[in-house]
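Peer 1: Build the 3D model from these lines:
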Amino acid sequence: MCDAMHEFHDHIVIAPGNHDLNIVGYGAWSLAFVGDKPDWSGRWNRMAEYMNAACCLMGARSTVWCKGGMVDLATAWGAIASADGSNNAKFRETESLFPLIVSAPDMEGAQFVVWNTVRSSSLAFNNSFGEVGDRQLNNFMAIRKSQQHASTRFIHIMHHKLALPEHRLIMNSDGSGWPRIRDAVKSAVQRVGMVMHDANKVVAALRGEIDSLVLHGHHHAAFWGEIDSASGAGGVMQVVSAPSTSLGVEFFTASPAMSNVTQAGPRTCSYEILTIEATALGLRLAAPPARFPLP
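Peer 2: Predicted coordinates for the structure are as follows:
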């Protein structure tokens, strides 16, 4: 992937998801019995693959909060990867580097904040749950404090969702009428894992007196919305949920004001383009996300 995408490395931001870092299984039997080895080698190898890709595609633009200051991502990751120690210890130390701060060359003053929202799991059946945790939030607070005199605008990139839309999410059953019982059960189970475990704490920590964006994916749902600032005045946090590029839209809301998919149909593979504008308070969407089918 790094070789194929290196030409675009100045324009790519990647965040880890549960299928990247956790052991996954497909089907009832694999969900029940597939798991990591006792030495954490599965999760460590997956984390190392992600970090190597992150350094390849974002390394020159990325820094992390490490030992009381900002350090280049490649330097911090290289020290962990080359050190002795158990897979468990090195995995946890790598987790402590998040969030990654990635500059946006074409957007003056803007920074991508790449969060690790994966709740580490040794078993396949509970691999999909999300959590940010206090360590990442404390790191971000320290980063924001160190930049308090800078004109910084944040675009938060995270895999798991912070919230669900006020309108009910509908499962896309490809226009075949009422979902079958299996689809209904699947829909109910997936909703349980859509929102990260500590979403309320994360929202409280991130929203403030600046306009900011949160981009996430996870359960292939197409919607967007706004979370008002803590004081009721000032900045607005906008949240955009992107569906899967390869699997299409699995969930949508029937509200045209919150989704660019409002009725069931074929789960067409597509991508979204966001038009982002600078405001006096930060960054926000200039228009609703536009969806385009893949050729």
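Peer 1: who are the neighbours in contact with Phe292?
Peer 2: Contacts for Phe292 were tallied using C-beta atoms under 8 Å, 6 or more residues apart in numbering; they are 270-273. Glycine gets a C-beta too; all of them are placed from N, C-alpha and C.
Peer 1: Of these, which is the most crowded?
Peer 2: When the contacts of Phe292 are compared by neighbour count (other C-beta atoms under 10 Å), Ser270 ends up highest, at 19 neighbours.
Peer 1: give the contact list for that residue.
Peer 2: Shown here is Ser270, whose contacts under the criterion C-beta under 8 Å, 6+ apart are 243, 245, 248-249, 291-294.
Peer 1: ok so, going back, in CSV, list the contacts of Phe292 along with distance to Ala53, pLDDT and secondary structure.
Peer 2: Compiled in CSV, these are given as follows (distance: C-beta to C-beta, whole Å; pLDDT from 0 to 100; DSSP: H, G, I helix; E, B strand; the rest coil):
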residue, distance to Ala53, pLDDT, secondary structure
Ser270, 24, 84, strand
Tyr271, 20, 86, strand
Glu272, 22, 89, strand
Ile273, 23, 91, strand
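Peer 1: Among the contacts of Ser270, which are located in strands?
Peer 2: Secondary structure defined by DSSP state E assigns 291-293 of those to strands.
Peer 1: what's the span of stretch 69-89, first residue to last?
Peer 2: Between the opening and closing residues of stretch 69-89 there is a gap of 22 Å (C-alpha to C-alpha, to the nearest Å).
Peer 1: Please disregard the earlier target; I meant stretch 24-42.
Peer 2: With C-alpha to C-alpha as the measure, stretch 24-42 spans 10 Å from end to end.
Peer 1: Which parts of the stretch 51-200 of the chain are strands?
Peer 2: 62-66, 69-72, 100-103, 110-114, 153-157, 169-171 (DSSP state E, counting those that start in this stretch).
Peer 1: Just put those in CSV and tack on distance to Met1, mean neighbour count and mean pLDDT.
Peer 2: Below are the strands of the stretch 51-200 of the chain laid out as CSV (distance: least, C-beta to C-beta, whole Å; neighbours: other C-beta atoms under 10 Å; pLDDT from 0 to 100):
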stretch, distance to Met1, mean neighbour count, mean pLDDT
strand 62-66, 17, 21, 96
strand 69-72, 22, 14, 95
strand 100-103, 17, 23, 95
strand 110-114, 17, 22, 93
strand 153-157, 17, 22, 91
strand 169-171, 31, 19, 77
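Peer 1: mind putting these in CSV, distance to Gln238 included?
Peer 2: Rendered in CSV, the data for those read as follows (distance: least, C-beta to C-beta, whole Å):
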stretch, distance to Gln238
strand 62-66, 24
strand 69-72, 27
strand 100-103, 19
strand 110-114, 14
strand 153-157, 10
strand 169-171, 18
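Peer 1: Minimum distance to Lys145: which of those has it?
Peer 2: Of all the strands of the stretch 51-200 of the chain, the one in closest proximity to Lys145, counting by C-beta to C-beta, is strand 62-66 (10.3 Å).
Peer 1: in the protein, which spans are helices?
Peer 2: In the chain, the segments counted as helices under DSSP state H are 2-5, 18-21, 28-33, 41-58, 73-81, 87-95, 134-146, 181-192, 199-206.
Peer 1: Mean pLDDT and distance to His159 added to those helices, as JSON lines?
Peer 2: Converted to JSON lines, these look like this (pLDDT from 0 to 100; distance: least, C-beta to C-beta, whole Å):
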{"stretch": "helix 2-5", "mean pLDDT": "79", "distance to His159": "19"}
{"stretch": "helix 18-21", "mean pLDDT": "86", "distance to His159": "7"}
{"stretch": "helix 28-33", "mean pLDDT": "67", "distance to His159": "19"}
{"stretch": "helix 41-58", "mean pLDDT": "94", "distance to His159": "11"}
{"stretch": "helix 73-81", "mean pLDDT": "96", "distance to His159": "18"}
{"stretch": "helix 87-95", "mean pLDDT": "95", "distance to His159": "14"}
{"stretch": "helix 134-146", "mean pLDDT": "93", "distance to His159": "13"}
{"stretch": "helix 181-192", "mean pLDDT": "62", "distance to His159": "14"}
{"stretch": "helix 199-206", "mean pLDDT": "88", "distance to His159": "13"}
